[in-house]
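Trainee: pasted the sequence and its predicted model underneath.
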Amino acid sequence: MTSICFPEFLTRDQIHPDPPEVTERKVEALVAALTLDEKISLLGGSREPECKGKLGNAGYMWGVPRLGIPEIVMYDGPAGITGIVDTTGLPQPSLLGCTFDDEMAYAFGKVAATEAQACSGNFVLAPQVDVIRSPHFGRNKDMKSEDSYVASRMAVAEVRGMQENGAVGTLKHYAAANLAGESASCYPRAVVDEQTLHEVYLRPFRWAIRKGGAGCIMNAYNYINEEYMSANRHLNEDVLRGWWGFQGAMMSDWGSVHKFTLNKGMDIEMPFPAYNDRKHIFRHLRKGDYSFDEIDMSVRRILHSMAAAGLLSLVELDDDGRAKVDENHPFPLVKDIVGYLKMCHSILPIKR
């Protein structure tokens, strides 16, 4: 492989989405270049280095700096970003839905993306595109509308506002998560017929993927038709990837995984792998109900998620189509963080 020296940070002016054919070549080259340990490290959240300082972000994943893959720093939404630093206090998303204004929704997403970047973030855990159904549900304020058409239009524009400005939009919560009890300790059970599911509850997700190019999806806590969403292979694989052609990653909600799900459409377990960790991965590889090809598929999806917002900009290929390597920064990463203030004026650390 050809050597390269990556810069210390992926800065704003370096973030740009590649054409689809370039993205595909980069993704395949990275999958070929990643070690098995590196691939597994991408399948779940990690603890941040203690020396990095506290940013108040929601989740974190090590990148692979020797290949130019930056760390993933997630900030919660859905009204802008939530952290320990001062950010714009955007109105509740339900008020955004009342505007019926695509340009306003785009601006809403742009604010979230640019402020996430200012805090070294690159994934925004928003928009919440569930459809309001019950007046007693505490998350209604975070949704756009009880009308699936309005919710869909707003989702498309908001995702574009995020991803055209350097942060991956994460649609949540897939799917039919609009009943009281959406928490890690009390899981609602949604029973939904196929027509209602697709015409009402799934419509905003489909639009945001097909028309907005959403890079990532977060699954819901709830059961749907007697199966946890995190393990619902029909909705996660047949519908999401097969019918809609979604190429990005599915991320768990925090603590929503209850058994091994990497063979059921899940790609990233957050905030850290409990059921999809290395021990369980190798156990299921030995059992034969999971394969190395499926590991590679999840890695491809995660890389496609990053590419949706231009986060693979530093990745370079040599004349033979192989990913160039920074030999001075092998995995695991060196933990010599430059400090909170410097990071807030940069974006995504490549080197440590």
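Mentor: Perfect, thanks for sending it.
Trainee: so what does the residue most central in space within the chain look like in phi/psi?
Mentor: The centroid of the chain falls nearest to Cys216 when counting by Cα atoms, centre = their mean (4.0 Å). Backbone torsions of Cys216, given as degrees, to the nearest 10, read phi -150, psi 150.
Trainee: swap in the one 5 residues further on?
Mentor: For Tyr221, the backbone dihedrals (degrees, to the nearest 10) come out as phi -70, psi -30.
Trainee: ok, the nearest residue to it once chain neighbours are set aside - how many residues close by?
Mentor: Closest residue to Tyr221 apart from its sequence neighbours, by Cβ to Cβ, 6 or more residues apart in numbering: Ser256 at 4.8 Å. Backbone N, C-alpha and C define where each C-beta goes, glycine included. Using other Cβ atoms under 10 Å, Ser256 has 24 other residues around it.
Trainee: return the residues in contact with Ser256.
Mentor: Ser256 sits next to 184, 219-221, 228-230 when contact means Cβ atoms under 8 Å, 6 or more residues apart in numbering.
Trainee: low-confidence ranges, the chain, go.
Mentor: Judged by pLDDT under 70, the chain has its weakly predicted residues at 1, 50-53, 180-186, 329-352.
Trainee: now list the buried members of the contacts of Ser256.
Mentor: 219-221, 228-230 (16 or more other Cβ atoms under 10 Å).
Trainee: what helix or strand is the spatially closest residue to Glu164 that is not a sequence neighbour on?
Mentor: Using Cβ to Cβ, 6+ apart and skipping residues adjacent in sequence, the residue nearest Glu164 is Lys110, 7.6 Å away. Using DSSP states H and E, Lys110 maps to helix 102-118.
Trainee: buried residues, that helix. List them.
Mentor: 104-118.
Trainee: could I get the CA-only coordinates of it as PDB?
Mentor: Provided in PDB are the C-alpha atoms of helix 102-118 (Å, rounded to 0.1, in the frame of the first residue of the first chain):
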ATOM      1  CA  ASP A 102     -38.900  23.400   3.600                       C
ATOM      2  CA  GLU A 103     -36.400  26.300   3.700                       C
ATOM      3  CA  MET A 104     -36.900  26.700   7.400                       C
ATOM      4  CA  ALA A 105     -36.400  23.000   7.900                       C
ATOM      5  CA  TYR A 106     -33.200  23.100   5.900                       C
ATOM      6  CA  ALA A 107     -31.900  26.000   8.000                       C
ATOM      7  CA  PHE A 108     -32.900  24.000  11.200                       C
ATOM      8  CA  GLY A 109     -30.700  21.200  10.100                       C
ATOM      9  CA  LYS A 110     -27.900  23.500   9.000                       C
ATOM     10  CA  VAL A 111     -27.700  25.100  12.500                       C
ATOM     11  CA  ALA A 112     -27.500  21.600  14.100                       C
ATOM     12  CA  ALA A 113     -24.700  20.500  11.700                       C
ATOM     13  CA  THR A 114     -22.500  23.600  12.000                       C
ATOM     14  CA  GLU A 115     -22.800  23.700  15.800                       C
ATOM     15  CA  ALA A 116     -22.000  20.000  16.000                       C
ATOM     16  CA  GLN A 117     -18.900  20.700  14.000                       C
ATOM     17  CA  ALA A 118     -17.900  23.500  16.300                       C
END
